[in-house]
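Colleague: the following block contains a protein sequence and its predicted model.
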Amino acid sequence: MGTKIEENDRRDETVLEQNFALPPDKKPWRVEDSEKLYRIEGWGAPYFSIDAAGCVVVSPKGDRGGSLNLYELVESLLQRQIKLPLLIRFSDILDDRISRLNACFARAIARYRYPNQYRGVYPIKCNQSRHLVETVVRSGKPYHFGLEAGSKPELTIALALLDPEQNKEALLICNGYKDREYIEMALLATKLGHRPVLVIEQLSELDLALEIGQTLDIDPILGIRAKLSTKGSGHWGNSTGDRAKFGLGVPEIVEVLQRLENSNKLQCLQLLHFHIGSQISAIAAIKEAIREAAQIYGELVKWGAKMQYLDVGGGLAVDYDGSKTNFYASKNYNLQNYANDIVAEVKEACEEREIDAPILVSESGRAIASHQAVLIFDILGTSDTFAIEGRHRENIEVPQPTPKKEHLILRNLWETYESITPDNYQEAYHDAIQFKEEAISLFSFGYLSLKERARAEQLHWACCRRILDITRTQEYVPDDLEDLEKNMASIYYANLSVFQSSPDAWAIDQLFPIMPIHRLNEEPTQRGILGDLTCDSDGKIDKFIDLRGVKSVLELHSVNPQESYYLGMFLVGAYQENMGSWHNLFGDTNVVHIRMTPKGYQVEYVVKGDTITEVLGYAQYKAEDLVEGIRRRTEEALQDGRLTLEESQRLLQNYERSLNSYTYLSR
Ligand code: PLP
């Protein structure tokens, strides 16, 4: 099929029958269909679900009761003049994550009769926001939960927020590269009652710690970070192994032991730490690492170190796609499996060596901080590949039969369009592409008018639309048609900056669950990708979670310009805000902290996003200078009569108002 119509093979297209079968009557869309489509149960339980009216519901305390309608919450925050995009933090989710992690370790310790305790720490680098770290410290108090600092600035936070009087047993793990000031600050903090463990990442740090300790007359509590040979997988897989940036290889560990022995300070070494990378999706890698670390731990004890702690680092993964597999955006274990495996492996290794079991420490960041934050943003409009006058793709009129006098290429395209069936759609696709390319070259050589070229493109896209509808009913889609869905997708213009709010989606293709937070009782008939506000072609999201791997388009609703359409990007509480950048000078978003109360909920904190003046300040501009510059120019224009007084006032007022406003768009 699809060969060109010859000049003498003209038919009267107006009498041609439609041979394209319309899809059979479909069942009405239900909320359950949305649950399945967006996989909310898989990644969101027990915190996120959908109610009967089709809105996302948040249960911040998990299965311990209390919930709120996310769409209504957003509407009420908007009424409080808190604009979108907006990051909502649910403090109760943070509490719940901390208590779940501790409860899982407590259960594992009881189950395996582990003869020691668990003392978790929160790695500040994961999300340093003040209110969040304060909440972690407060919620972690009953569990003696401590903090981990990976740098000098993070150490200043930890020292100020941990209260050693109130929480004597909480650990302060000092990781990262250390200079004299860092070590001195940590050691002096022991006088305040803190228990800082200086984790040696480089040999030079050991000498410095011993020297400063001697000067201050404080015996440091030391740890070593081991470079295990066990590797994690995925993006952070190189956090360990011979070429890893951090930690000590076995020969260096032996050197540390010898130096400590020579200076009679072996008793200072009390902790062994390792970190095989973040988001470890396979439990097998975690078990293997623990086995290796437990052996090193046993050797340190044998050498005479006064070992007390085994710190398994971070790596506890988050199931971003809800598939419960070892795919990089998922994990094939749950919190309890994680705790059980650590406890059981360490117990077995210690029993074999007949040594005391250590206090178990973990530095879980992602697993604690991800769930509590949801980024809400609105859609400003859509671009449709062949939408005309704002009509959506499903409403586009079928191209009218081509009058006989139309150019041959248009009639070929019409013929292709008209004859597409489930039996020939693949061939028709190739024809449609070929005819479109021919139409473009005819236009380039001056044989087609602009109007004719427009019609050729419209017919081409109509063919694609029809072919796409057929592919969606097929179990198997031929390879050459796989990109059709993506090519036909609309761009949904999102009021956010990917670089500011989800930098990992851009930098390392991290997947976050994204879905509408309302209209979920309505079928999402469109397929789209998200384009952000920046003038950067990388400022887009075109990879979405799917049961099998990654999908290139997201099912969305058609957008009515008169109504708001809100999407949520979920599980964004770890590593996003602090790594965000001011591309195109889009600044920090507004943030609210929500806390459940017996009467409903309360807006605990509001942290206003950057104003234009603030982001300009980051680039060393002073608002007063800018205003003065514009004022002078308007004066000159007034003198020259290029502007009226009223216009000049209007311009200046607008300028000054903009400087004080949010960097994102308002509807
Ligand atoms: N500990 C160390 C030393 C880290 O480098 C990291 C992050 O990469 C973490 C803990 C936190 O890891 P995660 O967020 O995977 O729990």
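Modeller: Good, I have the coordinates. These numbers come from a predicted model, not from an experiment.
Colleague: quick check: buried residues in the helix or strand of the chain with the lowest mean pLDDT?
Modeller: With mean pLDDT, DSSP states H and E as the measure, the helix or strand of the chain carrying the lowest mean pLDDT is helix 484-488 (a mean of 89). Buried residues in helix 484-488, counting neighbours by 16 or more other C-beta atoms under 10 Å, are found at 484, 485, 488. C-beta: built from backbone N, CA, C; applies to glycine.
Colleague: dump these into a markdown table; add distance to residue 470 as well.
Modeller: As requested, these are exported to a markdown table (distance: C-beta to C-beta, whole Å):
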| residue | distance to residue 470 |
| --- | --- |
| 484 | 10 |
| 485 | 12 |
| 488 | 13 |
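Colleague: which among the residues you listed gets closest to the ligand?
Modeller: Set against the ligand, the nearest of the buried residues of helix 484-488 by C-beta to the nearest ligand atom is residue 485 (33.1 Å).
Colleague: C-terminal to the least confident helix or strand of the chain, what's the next element?
Modeller: Scanning forward in sequence from helix 484-488 by DSSP states H and E, the next helix or strand is strand 490-494.
Colleague: what lines up beside that next one in the sheet?
Modeller: Paired with strand 490-494 in the same sheet, following DSSP bridges, are strand 373-383 (antiparallel), strand 526-531 (parallel).
Colleague: which stretch among the ones you listed comes nearest residue 614?
Modeller: strand 373-383 (19.7 Å; C-beta to C-beta).
Colleague: which strands or helices does the helix or strand just after that closest one pack on?
Modeller: Using DSSP H and E, the helix or strand that follows strand 373-383 in sequence is helix 408-418. Judged by 3 or more C-beta pairs under 8 Å, 6 or more residues apart in numbering; DSSP states H and E, the packing partners of helix 408-418 are helix 425-444, helix 450-473.
Colleague: output those helices as a markdown table; include the columns distance to residue 85, mean neighbour count and mean pLDDT.
Modeller: Conversion of these to a markdown table gives the following (distance: least, C-beta to C-beta, whole Å; neighbours: other C-beta atoms under 10 Å; pLDDT from 0 to 100):
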| stretch | distance to residue 85 | mean neighbour count | mean pLDDT |
| --- | --- | --- | --- |
| helix 425-444 | 38 | 18 | 96 |
| helix 450-473 | 31 | 19 | 92 |
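Colleague: how about stretch 293-312: buried residues?
Modeller: 293-294, 296-301, 303, 305, 307-312.
Colleague: from the chain's centre, how far out does it sit?
Modeller: Chain-centre distance of stretch 293-312: 36 Å, with C-alpha atoms, centre = their mean, to the nearest Å.
Colleague: alpha carbons of that stretch, as CSV, please.
Modeller: C-alpha atoms of stretch 293-312 as CSV (Å, rounded to 0.1, in the frame of the first residue of the first chain):
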residue,chain,number,x,y,z
ALA,A,293,32.8,-5.0,57.0
ALA,A,294,32.1,-7.4,59.8
GLN,A,295,35.4,-9.2,59.1
ILE,A,296,37.3,-6.0,59.1
TYR,A,297,35.6,-5.1,62.3
GLY,A,298,36.7,-8.4,63.8
GLU,A,299,40.3,-7.8,62.7
LEU,A,300,40.3,-4.4,64.3
VAL,A,301,39.1,-5.9,67.6
LYS,A,302,41.8,-8.6,67.3
TRP,A,303,44.5,-5.9,66.8
GLY,A,304,43.5,-4.4,70.1
ALA,A,305,41.3,-1.4,69.2
LYS,A,306,38.5,-0.7,71.6
MET,A,307,35.8,-1.1,69.0
GLN,A,308,32.2,-0.2,69.9
TYR,A,309,30.4,0.9,66.8
LEU,A,310,29.8,-0.6,63.3
ASP,A,311,28.5,2.2,61.1
VAL,A,312,26.9,0.8,57.9
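Colleague: ok, it near the ligand or not?
Modeller: No. Applying C-beta under 6 Å from any ligand atom, one finds stretch 293-312 out of contact with the ligand, separated by at least 8.5 Å.
Colleague: okay, stretch 209-219 in PDB with CA atoms only?
Modeller: Once non-C-alpha atoms are left out, stretch 209-219 reads as follows in PDB (Å, rounded to 0.1, in the frame of the first residue of the first chain):
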ATOM      1  CA  ALA A 209      43.600  14.400  65.300                       C
ATOM      2  CA  LEU A 210      46.200  12.900  67.500                       C
ATOM      3  CA  GLU A 211      48.300  16.100  67.600                       C
ATOM      4  CA  ILE A 212      45.300  18.400  68.400                       C
ATOM      5  CA  GLY A 213      44.000  15.800  70.900                       C
ATOM      6  CA  GLN A 214      47.300  16.000  72.700                       C
ATOM      7  CA  THR A 215      47.400  19.800  72.700                       C
ATOM      8  CA  LEU A 216      43.800  20.000  74.100                       C
ATOM      9  CA  ASP A 217      44.400  16.900  76.300                       C
ATOM     10  CA  ILE A 218      41.300  15.200  74.900                       C
ATOM     11  CA  ASP A 219      41.500  11.600  73.600                       C
END
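Colleague: begin at 867 from now on, thanks
Modeller: OK, 867 is where the count begins now, so the last one is stretch 1075-1085.
Colleague: average pLDDT for it, rounded please.
Modeller: The average pLDDT for stretch 1075-1085 rounds to 97.
Colleague: give the buried residues for it.
Modeller: Under 16+ other C-beta under 10 Å, the buried positions of stretch 1075-1085 are 1075, 1076, 1078, 1079, 1084.
Colleague: so where's the stretch 1317-1466 of the chain uncertain?
Modeller: Within the stretch 1317-1466 of the chain, no stretch has pLDDT under 70.
Colleague: kindly apply the preceding question to the stretch 1117-1266 of the chain instead.
Modeller: 1250-1265.
Colleague: let's see it at 80
Modeller: For the stretch 1117-1266 of the chain, applying pLDDT under 80 flags the ranges 1250-1266.
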